[in-house]
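Visitor: Build me a model:
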Amino acid sequence: MCACVAAPFAVTTTSVPRTGSLPVLPETTTEAAALRTRKSVKIKAPFCYFLGKSKEAEIKRINKELANIRSKFKGDKALDGYSKKKYVCKLLFIFLLGHDIDFGHMEAVNLLSSNRYTEKQIGYLFISVLVNSNSELIRLINNAIKNDLASRNPTFMGLALHCVASVGSREMAEAFAGEIPRVLVAGDTMDSVKQSAALCLLRLYRTSSDLVPMGDWTSRVVHLLNDQHLGVVTAATSLITTLAQKNPEEFKTSVSLAVSRLSRIVTSASTDLQDYTYYFVPAPWLSVKLLRLLQCYPPPEDPAVRGRLTECLETILNKAQEPPKSKKVQHSNAKNAVLFEAISLIIHHDSEPNLLVRACNQLGQFLQHRETNLRYLALESMCTLASSEFSHEAVKTHIETVINALKTERDVSVRQRAVDLLYAMCDRSNAPQIVAEMLSYLETADYSIREEIVLKVAILAEKYAVDYTWYVDTILNLIRIAGDYVSEEVWYRVIQIVVNRDDVQGYAAKTVFEALQAPACHENLVKVGGYILGEFGNLIAGDPRSSPLIQFNLLHSKFHLCSVPTRALLLSTYIKFVNLFPEVKPTIQDVLRSDSQLRNADVELQQRAVEYLRLSTVASTDILATVLEEMPPFPERESSILAKLKKKKGPSTVTDLEDAKRERSVDVNGGPEPAPASTSAMSTPSPSADLLGLGAAPPAPAGPPPSSGSGGLLVDVFSDSASAVAPLAPGSEDNFARFVCKNNGVLFENQLLQIGLKSEFRQNLGRMFIFYGNKTSTQFLNFTPTLICSDDLQPHLNLQTKPVDPTVEGGAQVQQVVNIECVSDFTEAPVLSIQFRYGGTFQNVSVQLPITLNKFFQPTEMASQDFFQRWKQLSNPQQEVQNIFKAKHPMDTEVTKAKIIGFGSALLEEVDPNPANFVGAGIIHTKTTQIGCLLRLEPNLQAQMYRLTLRTSKEAVSQRLCELLSAQF
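Guide: Down below sits the predicted model:
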């Protein structure tokens with residue numbers, strides 16, 4: 001039996017049991033010692049010793065044992081309890097080694113009726129691990145559990161409750177959800193059984209809350225907070241906290257009892273609670289749980305209770321200032337866990353200015369602490385404090401320390417929290433400084449947080465802009481520094497601002513005109529420049545240096561470098577120029593009349609060119625002026641950038657606290673900021689402030705705090721994690737191959753889950769949006785997608801991502817963004833492992849993520865002479881790979897062209913002397929080098945075969961690209 005006894009007063013956590021172990025009740029030192037002295041089952045040494053020789057020897061020995069055990073079970077001679085226990089234990093051991101067990105279940109069930117502890121223990125352990133909820137034996141198992149619960153034997157009752165909690169299925173909830181509350185509140189139930197019952201009921205409520213009835217027992221459970229046994233109080237607090245989050249009125253009386261119990265703990269000396277003192281900190285686990293329970297409710301209305309709670313919080317803050325009583329890390333961790341939870345409660349109540357300022361000052365001391373976790377937690381808590389009118393000014397006094405953390409911190413998660421805090425503390429008095437520091441940091445920021453920083457800089461620049469020339473300069477600088485991360489919402493918004501404000505239009509036109517003169521400028525800058533010059537280029541046309549023809553030539557010089565949507569926007573700018581500047585009309589008409597426009601392969605560009613040319617030819621000056629008049633001001637509305645940031649960060653983060661700031665500012669369009677959303681009195685405490693790991697399944701933070709070297713403070717015997725990665729899902733390899741030549745689509749789908757992808761790549765960088773869809777009506781719990789790179793792949797490919805919400809509601813979809821950097825050429829693909837719980841059952845799905853070398857192709861146009869000259873230069877045997885293979889699909893010319901283009905290379909027309917052949921060229925971009933690639937595909941329609949030849953400067957690249965492309969035909 002996997003047993004875990006933590007510290008003298010340890011209380012188990014209350015998450016789901018790890019497969020193969022039964023949860024162990026909280027025990028005192030005496031009880032733990034008694035448990036360790038029990039007689040345990042031992043497997044004979046020869047069996048265990050022989051298993052380690054070799055894999056073949058292990059299998060041979062196990063098969064021999066299985067045959068022996070099977071014969072014993074089927075023999076005529078009845079086995080005694082000891083023998084039956086021994087053989088069932090051997091079966092369990094063999095199963096845990098990874099071998100299938102298909103017999104022995106009935107013998108394990110029979111052990112449940114034994115009156116011996118060790119026999120009953122092995123029976124329950126076997127059932128918890130090997131029997132599923134659909135077993136035919138479940139009725140017999142339920143009857144045995146009911147008998148043990150009714151036996152009033154505390155040892156047997158504990159084993160039965162452990163089994164129910166370990167399995168935790170819906171069927172178990174249906175059978176025992178009504179019985180366990182009665183055991184919990186019965187007057188003659190022993191303390192150890194009460195603890196087990198409370199944790200077991202909590203487990204069933206989390207998996208099947210609809211099956212746990214609320215009744216008379218709820219009021220009696222609240223009074224367990226006054227129990228003399230602190231282990232019972234701790235387990236009851238976990239249960240009440242979870243129940244109160246969904247039924248606050250039912251458990252409102254728990255507030256006064258929780259304050260009373262907390263006061264007794266905080267004011268007591270460590271010697272008063274000797275069995276429950278952890279490194280000189282009295283009952284830290286229970287203190288944290290009580291503080292978390294109080295965060296489910298608003299401040300107490302009773303002045304006496306409120307005053308007593310304030311005294312408790314002041315005492316906790318005072319103790320934080322005292323010299324440490326021990327240099328051990330366990331002492332500081334326990335002490336700080338209570339402190340941070342107290343600060344979370346102070347922030348939640350937001351009603352005591354003195355406590356808020358003191359909390360801010362205490363957190364400020366942690367900002368320069370040598371422990372990384374404390375700096376992380378201090379930054380995160382101060383983000384919330386910055387939204388309070390009482391503590392906002394106190395938070396601002398630490399601005400220099402936060403800026404220094406942004407520049408010097410090694411841990412990216414801490415730097416991200418520093419960015420969040422700068423955003424939260426920003427107001428009109430410090431906006432220029434904070435925006436400048438964010439822009440400076442953006443140049444070296446990690447890819448995973450660049451988009452978020454861009455959104456925040458854009459919001460702050462808009463919200464606190466007094467001089468709108470500064471706003472325009474800031475956004476253009478933002479595009480210059482991080483153009484790839486500037487979303488459409490950002491440049492849409494700057495255009496709305498410029499259109500709506502007459503006083504900034506001329507300056508904006510002049511500034512974008514100057515910015516476009518750079519030899520290389522980002523495409524988003526071309527979009528902004530095209531729109532603004534098309535509307536307000538006439539405001540700077542009087543300067544000979546920015547005459548209409550110069551403006552047009554400057555924009556048109558960027559035309560061939562842009563994507564189709566940007567070209568379409570520039571064509572609209574050109575027709576605007578026809579109206580603004582009649583003198584450049586012939587030049588623009590020549591451009592619209594050219595074959596590259598009128599016969600463009602893209603329908604949108606072709607249609608615009610035809611219609612704009614016709615409009616400029618037949619329409620009179622008055623009609624042109626009417627059709628192409630200046631855009632009217634945009635209607636007043638909430639900034640789309642702010643809406644995107646809220647959606648990106650989620651409703652419970654600092655972005656939603658933006659509206660609750662002390663200073664209500666006016667946006668740049670002159671309208672009021674959106675009204676703050678009403679918040680419930682029940683709020684979830686900051687998840688990362690949980691140093692002791694006691695969370696009631698809180699949502700995962702945007703960036704987890706870095707782990708300390710001391711390891712976990714409390715072993716989680718209810719853990720739901722599984723370190724093993726499941727084999728690749730059936731059919732995933734076929735889906736992977738389909739994504740070699742495309743970037744969007746459904747990667748995986750079964751009856752529960754759908755995984756969709758949307759990807760974009762540019763040179764050696766890429767971004768992939770992964771969409772997880774819950775196809776059922778039941779929520780997924782502990783939803784954890786993990787990207788896994790093998791040891792061989794890690795040096796060649798950098799992947800950065802953010803965690804997703806651990807709960808996916810029925811019918812809902814969540815999104816995860818993966819930032820990709822190709823460091824050097826690679827052959828393997830990363831694996832996406834998704835683990836979650838559905839209806840109490842653990843699910844584990846693994847698929848290959850279609851990040852392949854060809855995704856970093858940049859197409860290269862080449863003339864026939866250049867192509868064959870380069871082809872001859874790559875004539876060494878190690879530079880060429882050729883594959884002749886049978887066609888798997890119909891040999892359709894258009895489909896073949898589409899696949900070659902989708903593969904990433906440019907399709908070169910009229911290069912090969914044989915018009916039936918396909919020729920392509922491109923460059924593989926990595927961080928360390930660029931690798932040119934030429935390919936030639938020769939189809940043989942009669943033989944239904946292909947010959948594919950690839951030449952690159954690197955043999956491994958040629959081989960990999962040939963393998964990937966051959967599989968497409």
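
Visitor: a strand runs through Asn735, doesn't it?
Guide: No. Residue assignment for Asn735, taken from DSSP: H, G, I helix; E, B strand; the rest coil, gives helix, which places it outside any strand.

Visitor: Just the C-alpha atoms of the helix or strand hosting Arg936, please, in PDB.
Guide: Using DSSP states H and E, the element containing Arg936 is strand 930-940. Once non-C-alpha atoms are left out, strand 930-940 reads as follows in PDB (Å, rounded to 0.1, in the frame of the first residue of the first chain):
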ATOM      1  CA  GLN A 930      19.700  29.300 -44.800                       C
ATOM      2  CA  ILE A 931      19.600  26.300 -47.000                       C
ATOM      3  CA  GLY A 932      18.700  26.600 -50.700                       C
ATOM      4  CA  CYS A 933      16.500  23.900 -52.200                       C
ATOM      5  CA  LEU A 934      15.700  22.900 -55.800                       C
ATOM      6  CA  LEU A 935      13.200  20.200 -56.600                       C
ATOM      7  CA  ARG A 936      12.000  18.400 -59.800                       C
ATOM      8  CA  LEU A 937       9.000  16.100 -60.000                       C
ATOM      9  CA  GLU A 938       8.700  14.000 -63.200                       C
ATOM     10  CA  PRO A 939       5.300  12.200 -63.500                       C
ATOM     11  CA  ASN A 940       4.900   9.100 -65.800                       C
END
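
Visitor: What is the next helix-or-strand element following that strand packed up against?
Guide: The helix or strand immediately downstream of strand 930-940 is strand 945-952, counting by DSSP H and E. Packed against strand 945-952 by the contact rule (3 or more C-beta pairs under 8 Å, 6 or more residues apart in numbering; DSSP states H and E) you find strand 880-886, strand 930-940, helix 955-966. C-betas here are computed from N, CA, C, even on glycine.

Visitor: can these go into TSV with extra columns for mean neighbour count, mean pLDDT and distance to Thr511?
Guide: Shown next, in TSV, are the helices and strands packed on strand 945-952 (neighbours: other C-beta atoms under 10 Å; pLDDT from 0 to 100; distance: least, C-beta to C-beta, whole Å):
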stretch	mean neighbour count	mean pLDDT	distance to Thr511
strand 880-886	14	87	51
strand 930-940	19	88	34
helix 955-966	20	86	43
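
Visitor: Can you tell me which of those is nearest to Thr860?
Guide: strand 930-940 (7.7 Å; C-beta to C-beta).

Visitor: quick one: strands adjacent to that closest one?
Guide: Its sheet considered, strand 930-940 pairs with strand 918-925 (antiparallel), strand 945-952 (antiparallel) by DSSP bridges.

Visitor: which of these sits most buried?
Guide: Looking across the strands paired with strand 930-940 with neighbours counted as mean count of other C-beta atoms under 10 Å, the highest average goes to strand 918-925: a mean of 23.

Visitor: what angle sits between the strand holding Arg936 and strand 880-886?
Guide: Put simply, strand 930-940 runs at 30 degrees to strand 880-886, going by axes from the mean of the first three to the mean of the last three C-alpha atoms, to 10 degrees.

Visitor: Strand 930-940 versus helix 955-966: what angle between them?
Guide: 40 degrees.

Visitor: Distance from the chain centre to strand 930-940, please.
Guide: 39 Å (C-alpha atoms, centre = their mean, to the nearest Å).

Visitor: Which residues does it contact?
Guide: 825, 857, 860, 867, 870-871, 874, 887, 891, 896, 900, 905, 912, 914, 916-924, 945-954, 957-958, 961, 965, 969 (C-beta atoms under 8 Å, 6 or more residues apart in numbering).

Visitor: got it, and stretch 177-189?
Guide: Among residues not part of stretch 177-189, those counted as contacts by C-beta under 8 Å, 6+ apart are 146, 149, 152, 157, 161, 164, 193-194, 197-198, 200-201, 204, 208, 211-213, 215, 217, 220-221, 224.

Visitor: Can you say which of the helices and strands packed on strand 945-952 is nearest to Pro565?
Guide: Nearest to Pro565, of the helices and strands packed on strand 945-952 and by C-beta to C-beta, is strand 930-940 at 26.9 Å.

Visitor: Can you list the buried residues in stretch 202-211?
Guide: Along stretch 202-211, these residues count as buried under the neighbour rule (16 or more other C-beta atoms under 10 Å): Leu202, Arg203, Leu204, Tyr205, Arg206, Thr207, Ser208, Leu211.

Visitor: got it, and stretch 299-317?
Guide: Residues of stretch 299-317 classed as buried under the neighbour-count rule (16+ other C-beta under 10 Å) are Pro299, Pro300, Val305, Arg306, Arg308, Leu309, Thr310, Cys312, Leu313, Glu314, Ile316, Leu317.

Visitor: What strand or helix carries the last one?
Guide: Taking DSSP H and E as the definition, Leu317 sits inside helix 303-321.

Visitor: Likewise for the first one?
Guide: Counting by DSSP H and E, no helix or strand carries Pro299.

Visitor: Leaving out the residues flanking it, which one is nearest to it?
Guide: Counting by C-beta to C-beta, 6 or more residues apart in numbering, Pro299 lies nearest to His349, which is 4.6 Å off, once chain neighbours are set aside.
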